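K.L.:
Quick check, what structure comes out for this input:
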Amino acid sequence: MILVLRALGVGDLVTAVPALRALRTAYPGRELTLAAPAWLAPLVDLVGGVDRLVDTAGLDGPAWSGPPPPEVAVNLHGRGPQSHRLLAAARPGRLLAFANTDADFADGPPWADEHEVDRWCRLLTWYGIPADRTDLALRRPGPAGQPTGATVLHPGGKIPAKRWPAERFAALARALTDRGHRVLLTGSADERALAARVAAASGLPPTAVLAGRTDLGALAALVANARLVVSGDTGVAHLATGYGTASVVLFGPVPPDHWGPPSDRPRHRVLWAGAGDWPRWDGVGSHPTLAALRLDEVLAAVDEVERVVRISSAIAA
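P.N.:
As a prediction, the model looks like this:
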């Protein structure tokens with residue numbers, strides 16, 4: 001059995017897809033077990049190749065409580081030492097991980113400053129397991145009762161500082177509706193009030209608010225079959241990348257170098273105001289780097305990705 005640790009969230013799982021696929025190819029006759037939160041199960045099914053999901057949320061509990069111990073344990077979670085020790089406790093025959101002196105683990109390549117997709121591909125390549133960084137596509141589900149061809153705006157995010165101001169999402173919703181888009185607002189149950197506020201300010205009906213009303217499988221189906229996605233640096237943006245759905249991703253205060261859509265994906269645009277001399281932030285609301293992004297910039301990025309989609313469709317026809 002091959003045990004893989006990635007006890008994180010949606011975006012973290014999607015950026016690890018090339019590495020998971022590489023492990024599936026490298027160990028075709030072994031059971032591939034993923035230690036990750038159980039609520040990710042619908043998305044794990046869309047990745048494919050994973051035989052078992054072990055509910056592991058964070059690094060507090062065991063990643064595996066077999067027998068038997070895993071033949072190989074792979075740390076796709078972090079640099080250690082805690083994640084290294086969690087896997088070592090499963091007594092694997094071999095551990096694949098980045099070198100970490102605090103975990104008394106000298107094997108493996110050094111940690112580096114790089115894109116999250118490249119990081120895990122490089123780790124496996126160092127161990128002789130080829131990984132294709134472009135292999136990000138998720139299995140496309142059917143509509144699953146969700147609208148198709150909609151424009152998905154996702155105003156929320158776990159970190160409030162990384163949210164574009166709600167009033168600008170409302171202005172964007174109005175502008176896109178005027179252009180003929182069917183706009184829907186997604187988010188978690190905790191973000192339902194935020195989405196409802198955006199809907200009210202933009203003139204959208206309450207039925208446009210899907211926040212808190214879709215599980216992960218339904219959200220994936222919605223994004224997979226959407227016309228466009230606009231969001232901050234959050235899991236929905238990674239779903240759009242995995243499905244090749246046209247997207248505009250708003251970054252700040254963290255630059256997109258590590259978590260943005262790969263630069264070779266023309267259907268996606270990243271907006272980031274840069275690391276300039278910003279006003280001192282009081283810790284409330286959107287970070288100044290996000291507040292600096294204007295509505296007209298976002299609409300121009302929407303025009304760009306939609307033009308790419310039209311050209312691609314014309315070529316395919």
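K.L.:
by contact count, what packs against the helix or strand harbouring Ala200?
P.N.:
Under the criterion of DSSP states H and E, Ala200 resides in helix 192-202. In this structure, helix 192-202 packs against helix 166-178, strand 183-185, with contacts taken as 3 or more CB pairs under 8 Å, 6 or more residues apart in numbering; DSSP states H and E. The C-beta positions use only the backbone N, C-alpha and C, and glycine is treated the same way.
K.L.:
got a list of contacts for the last one?
P.N.:
Spelled out, it's strand 183-185. Contacts of strand 183-185 with the rest of the structure, by CB atoms under 8 Å, 6 or more residues apart in numbering, involve 147, 150-155, 173, 176-177, 195, 198-199, 202, 204, 208-211, 222.
K.L.:
The same query, at a cut-off of 6 Å, please.
P.N.:
Strand 183-185 has contacts (CB atoms under 6 Å, 6 or more residues apart in numbering) with 150-153, 173, 176-177, 195, 198-199, 208-211.
K.L.:
Could you list the low-pLDDT ranges of this protein?
P.N.:
By pLDDT under 70, the low-scoring segments of the chain are 279, 282-283, 317.
K.L.:
tell me the helices in it, going along the chain?
P.N.:
Assigned by DSSP state H, the chain shows helices spanning 10-15, 17-26, 41-47, 82-88, 116-126, 166-178, 192-202, 216-224, 235-243, 288-291, 295-316.
K.L.:
Figure out how far the first one is from the centre of its chain.
P.N.:
Right, the one you point to is helix 10-15. Centroid separation for helix 10-15 versus its chain: 4 Å, with CA atoms, centre = their mean, to the nearest Å.
K.L.:
Check which helices and strands that helix is in contact with.
P.N.:
Counting contacts by 3 or more CB pairs under 6 Å, 6 or more residues apart in numbering; DSSP states H and E, helix 10-15 packs against helix 235-243.
K.L.:
The helix it packs on: which residues count as buried?
P.N.:
By neighbour count on 16 or more other CB atoms under 10 Å, the buried set for helix 235-243 is 235-243.
K.L.:
farthest-separated two in those?
P.N.:
Maximum pairwise distance among the buried residues of helix 235-243 (CB to CB): 12.7 Å, between Gly235 and Tyr243.
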